[in-house]
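S.K.: Sequence first, predicted coordinates after that:
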Amino acid sequence: MANIKSKAKRVKTNELSRQRNQHTKSEIRTLTKKVDELSAAEEVDGKALSKAISDAQQKIDEASSKGRLHKKQAARKISNLMRKQK
């Protein structure tokens, strides 16, 4: 553990940031997998697929605006999602 008070605080805030980032990225992966499953289905439900894409895109945009994802990485993920829309 850190000896200096400010360093101890940084350790705490870094851990909170790490957990927050990890949670957001996990949510994005889950939403992306949901889109993959819906687009790979034999009978594609257009409304459900577009809703899933919209949810994933919203979460990716939010993560990008808060600095949890790089701007270009977010753009790439959204682009890949849009390609799955038929």
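M.R.: Done, it's in.

S.K.: Helices of this structure, residue ranges please.
M.R.: For the chain, the helices defined by DSSP state H cover 5-40, 46-65, 71-84.

S.K.: can you pull the buried residues of the first one?
M.R.: This means helix 5-40. 24, 27-28, 31-32, 34-35, 38-39 (16 or more other Cβ atoms under 10 Å). For every residue, glycine as well, the C-beta is placed using N, CA and C.

S.K.: how about the helices of the chain in JSON lines, adding mean pLDDT?
M.R.: Shown next, in JSON lines, are these (pLDDT from 0 to 100):
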{"stretch": "helix 5-40", "mean pLDDT": "95"}
{"stretch": "helix 46-65", "mean pLDDT": "95"}
{"stretch": "helix 71-84", "mean pLDDT": "96"}
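
S.K.: out of the buried residues of helix 5-40, who's nearest Gln58?
M.R.: Leu31 (9.1 Å; Cβ to Cβ).
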